[in-house]
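A.B. asks: Next one to model:
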Amino acid sequence: MQPLKLANQQDHRRARYANAQVETTNRHLAMQRLGIGFQAGNGLIFGIERVLVIWLAAVLVLKGEFSAGMLVAFVAYADQFSRRAASLIDQWNDFKMLGLHAERVADIALTPAEAQLEGVHSGPLPDASLEVKNLRFRYAEGEPWVIEGCSF
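C.D. replies: The predicted structure follows:
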């Protein structure tokens with residue numbers, strides 16, 4: 001934060017963060033809208049399909065071409081097919097959602113690296129030394145010295 005304060009860029013950084021937050025929220029809403037659309041379409045299509053299957057089976061029973069047992073088996077197989085088709089559509093929907101997630105990851109991964117700041121030391125570290133002369137320590141005023149006259 002100190003480099004931002006020194007360059008007086010706090011407001012610019014806040015604006016960039018707010019824009020990124022809004023963009024993230026918008027993408028999340030787009031994903032939810034897409035998911036709701038797929039769920040509504042899925043419910044509508046398979047609801048109509050179920051009504052048509054039962055109607056067709058009932059007509060065949062009334063004509064005498066199907067027995068009651070065949071009606072139950074036909075509806076069961078149609079329901080099983082519908083569930084598996086719905087599962088396939090859900091998997092396709094999840095696959096499409098991966099594109100949105102991949103785009104978000106790409107924004108992060110493909111962002112160019114920040115340039116090195118001026119004044120940052122990147123060369124070899126200078127030789128450093130530490131010297132202590134006449135070190136003294138005690139736990140409280142009036143207590144005896146634990147360490148006194150230590151030099152190294």
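A.B. asks: Please make it C-alpha for all contacts and neighbour counts, starting now.
C.D. replies: OK.
A.B. asks: Any regions of the protein where pLDDT drops low?
C.D. replies: Within the chain, the ranges that satisfy pLDDT under 70 run 1-9, 115-123.
A.B. asks: Kindly provide the distance from the residue nearest the centre of it to Arg27.
C.D. replies: Among the residues of the chain, the smallest C-alpha distance to the mean C-alpha position (Cα atoms, centre = their mean) belongs to His101, namely 7.4 Å. Computed with Cα to Cα, to the nearest Å, the distance linking His101 and Arg27 is 9 Å.
A.B. asks: Spatially nearest residue to Phe74 (excluding sequence neighbours)?
C.D. replies: Closest residue in space to Phe74, ignoring its immediate chain neighbours: Ala57 at 7.4 Å, by Cα to Cα, 6 or more residues apart in numbering.
A.B. asks: What helix or strand is that neighbour located in?
C.D. replies: Taking DSSP states H and E as the criterion, Ala57 maps to helix 10-63.
A.B. asks: related to what we said a few turns ago, kindly confirm whether my reading is correct that the residue nearest to Phe74 touches Phe66.
C.D. replies: Yes - counting by Cα atoms under 8 Å, Ala57 sits close enough to Phe66 to count as a contact (7.5 Å).
A.B. asks: Settle it for me: which of these two has more neighbours?
C.D. replies: Neighbours per residue (other Cα atoms under 10 Å) separate Ala57 from Phe66, with Ala57 holding more: 21 against 16.
A.B. asks: and that one, what does it touch?
C.D. replies: Shown here is Ala57, whose contacts under the criterion Cα atoms under 8 Å, 6 or more residues apart in numbering are Phe66, Leu71, Phe74, Val75.
A.B. asks: Please tell me how far it sits from Glu65.
C.D. replies: Between Ala57 and Glu65 the distance is 9 Å, computed by Cα to Cα.
A.B. asks: cool, and Leu88?
C.D. replies: Spatial separation of Leu88 from Glu65 under the definition Cα to Cα is 32 Å.
A.B. asks: got it, and Leu29?
C.D. replies: Distance, Leu29 to Glu65, using Cα to Cα: 50 Å.
A.B. asks: quick one: what helix or strand has Asp94 in it?
C.D. replies: Assigned by DSSP H and E, Asp94 belongs to helix 68-109.
A.B. asks: Packing partners of that helix?
C.D. replies: Using 3 or more Cα pairs under 8 Å, 6 or more residues apart in numbering; DSSP states H and E, the elements in contact with helix 68-109 are helix 10-63.
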